[in-house]
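Visitor: What would the 3D arrangement of this be:
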Amino acid sequence: MSQKELDEIEMMRKCLIVQFEPRHEEVLPSVIAACNFAGYRPTVLLNRRIKRVRGDIFQLVQGGVADIRYQSLSPDQDAEAADWDRELADDIDFVIVNTLNRPKVANWAKRCGKPVIALIHNVDQFMKNPKFTDLLGRPDFVFMTLGMHVTSALNARTDGNYIDKFGFLAPYVLTDTPQDYSVSTPRKVVVPGNLTLRSRNYLGLIDALSAHPARWENLVFEFPSSGDSRDLVADAITENKLSHKITILPAGANNEVPHEDVFKCFRSATFFHPLIADGFAQYQTIKITSTTSMSVGFGVPMIMDRYSESCYRFPMLVSDHSIEATLDRLSTVEEQELMDISAKLDAYRTEMTERSGRDMARMISLIV
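Guide: So this is what the prediction gives:
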């Protein structure tokens, strides 16, 4: 790094990012990138349980310039988990709450004494609790979501009364350097996200593969996830003699798959498949599916139905809704089409990351 670059870093203003719960750390590199774009060097405080169970995500992607610390972290007023007088010193212009999903976190944000940018991950969760909605009228609070359709839902639920207080944080910074995309043989289909039957149709996939053992011979599947249905899905794979087609990555501490293994899986994927369960419309309305972040972030094409594509609107494969239709599309799509989509995803990621930085700067201007 040149002396000029070091001097520019030294001139950056300061802010604080907090992640109280052991989750959503994969969004933080994107938050850091947006802060840097807006001229800020953040200090990032994360719950140390994240590092203990999944490893240090910042060894895999940093997103930009930031000071990272894992430590005991609690929003409770009586907790002695952090020296808040030091962390919230006079030179900290504002705080970013990376996950606003608990009343205790909202209470902490209100009493921290700094302007706040809060990330809303789930519109229903936010709107159902007065502890959250009471923050809308405060001049020292603004909000960002991870999807433009989520922002639209939030505006609709608040009758358009806070349009300018809502921004978009593009969660697509998952590599610090561009990676080359290639089509593997066989083609590897990765299903990111929580391994639960509530939101993903794992059993439908297993049934389809079992019913048509020779139909999609050029596809294999990998589930790099933990979740409450992990054992049930593993048993179904074994019972249907599909272990040669479907792999669940081994879990480590607390039954979590380490970030290093997950990222390795993502980098080697030919496709991402969200495998959204029938009747589960939350990913098209009140929150995002992490599959979209991984697709744009890693430049790996994903497949969606037409309803989902109309919500997310970035380059992807589109097919009919049934699992069989998606597998037919993945099995037969030409390699050149996939290469073209990957290139378009790279351009889209650059465009949206810059937009995210501009929106972060706009949010900051409203409260600082």
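
Visitor: give me the element the closest residue to Val318 other than its chain neighbours is part of.
Guide: If you skip the residues right next to it in sequence, Val318 has Glu309 as its closest partner in space, 5.0 Å away by C-beta to C-beta, 6 or more residues apart in numbering. Just so you know, the C-beta spots here come from the backbone N, C-alpha and C atoms, and that holds for glycine as well. Of the helices and strands defined by DSSP states H and E, Glu309 is found in helix 306-312.

Visitor: for Leu136, same thing?
Guide: Here Leu136 is assigned to no helix or strand, by DSSP H and E.

Visitor: In this structure it contacts Thr158, no?
Guide: Yes. Leu136 is within contact range of Thr158, at 6.7 Å (criterion: C-beta atoms under 8 Å).

Visitor: and Ser2, what does it touch?
Guide: Taking C-beta atoms under 8 Å, 6 or more residues apart in numbering as the definition of contact, Ser2 has no neighbours.

Visitor: Report the separation between the nearest residue to Arg306 once chain neighbours are set aside and Met302.
Guide: The shortest distance from Arg306 to any residue other than its chain neighbours is 6.0 Å, reached at Val318 (C-beta to C-beta, 6+ apart). Separation of Val318 from Met302 (C-beta to C-beta, to the nearest Å) stands at 10 Å.

Visitor: which strand residues sit across from Val220 in the sheet?
Guide: Here Val220 shows beta-bridge partners Lys188, assigned using DSSP bridges.

Visitor: number of nearby residues for it?
Guide: The local packing count at Val220 equals 18, with neighbours defined by other C-beta atoms under 10 Å.

Visitor: Correct me if wrong: it contacts Thr247.
Guide: Yes. Counting by C-beta under 8 Å, a contact exists between Val220 and Thr247, whose distance comes to 7.5 Å.

Visitor: before we move on, back to that, could you check which of Val318 and Met302 has the larger neighbour count?
Guide: Met302 (28 against 13).

Visitor: before we move on, the earlier item: who touches the helix holding Glu309?
Guide: Contacts made with helix 306-312 from outside it, assessed by C-beta under 8 Å, 6+ apart, are listed as 147, 149, 274, 276, 283-285, 288, 292, 304, 316, 318, 321.

Visitor: What is the subsequent helix or strand relative to that helix?
Guide: Beyond helix 306-312 in the direction of the C-terminus, DSSP H and E gives the next helix or strand as strand 317-318.

Visitor: In terms of helices and strands, where is Ile50?
Guide: Under the criterion of DSSP H and E, Ile50 resides in helix 48-54.

Visitor: for that helix, packing partners?
Guide: Using 3 or more C-beta pairs under 8 Å, 6 or more residues apart in numbering; DSSP states H and E as the contact definition, the elements that helix 48-54 packs against are strand 67-71.

Visitor: Now the strand it packs on: buried residues?
Guide: Across strand 67-71, burial judged by 16 or more other C-beta atoms under 10 Å covers Ile68, Tyr70.

Visitor: so what's Ile288 up against?
Guide: Counting by C-beta under 8 Å, 6+ apart, Ile288 touches Leu146, Gly147, Val150, Pro171, Tyr312.

Visitor: Who wins on neighbours among these?
Guide: With neighbours defined as other C-beta under 10 Å, the most crowded of those is Pro171; it has 28 neighbours.

Visitor: In this structure it contacts Ile32, no?
Guide: No. Taking contact to mean C-beta under 8 Å, the distance of 11.7 Å between Pro171 and Ile32 leaves them out of contact.

Visitor: Name all residues that make contact with Ala269.
Guide: Ala269 makes contact with Lys188, Val189, Val190, Glu222, Phe298, Val300 under the criterion C-beta under 8 Å, 6+ apart.

Visitor: Please name the nearest non-neighbouring residue to it.
Guide: Counting by C-beta to C-beta, 6+ apart, the nearest residue to Ala269 once its immediate chain neighbours are dropped is Val190, at 4.1 Å.

Visitor: quick one, phi psi at that neighbour?
Guide: Main-chain dihedrals, Val190, degrees, to the nearest 10: phi -110, psi 130.

Visitor: contacting residues around it?
Guide: Listed by C-beta under 8 Å, 6+ apart, the contact partners of Val190 are Phe221, Glu222, Phe223, Pro224, Cys265, Phe266, Ala269, Phe271, Phe272, His273, Met294, Val300.

Visitor: tell me, what's touching Pro171 and Ile32 both at once?
Guide: Between them, Pro171 and Ile32 share no contacting residue, judged by C-beta under 8 Å, 6+ apart.

Visitor: Could you pick out the buried ones from the contacts of helix 306-312?
Guide: Gly147, His149, Pro274, Ile276, Tyr283, Gln284, Ile288, Thr292, Met304, Met316.

Visitor: any idea which of those residues is closest to Asp346?
Guide: Closest to Asp346 out of the buried ones among the contacts of helix 306-312 is Met316 (13.6 Å), distances taken as C-beta to C-beta.

Visitor: Low-confidence bits of the stretch 101-250 of the chain, can you list those?
Guide: Counting by pLDDT under 70, the stretch 101-250 of the chain has no low-confidence residues at all.

Visitor: Asp76 contacts Arg102, correct?
Guide: No. Under the criterion of C-beta under 8 Å, Asp76 lies out of contact with Arg102, with a separation of 10.7 Å.

Visitor: Which one of the two is surrounded by more residues?
Guide: Remark: of Asp76 and Arg102, Arg102 carries more neighbours, 16 against 11, as counted by other C-beta under 10 Å.
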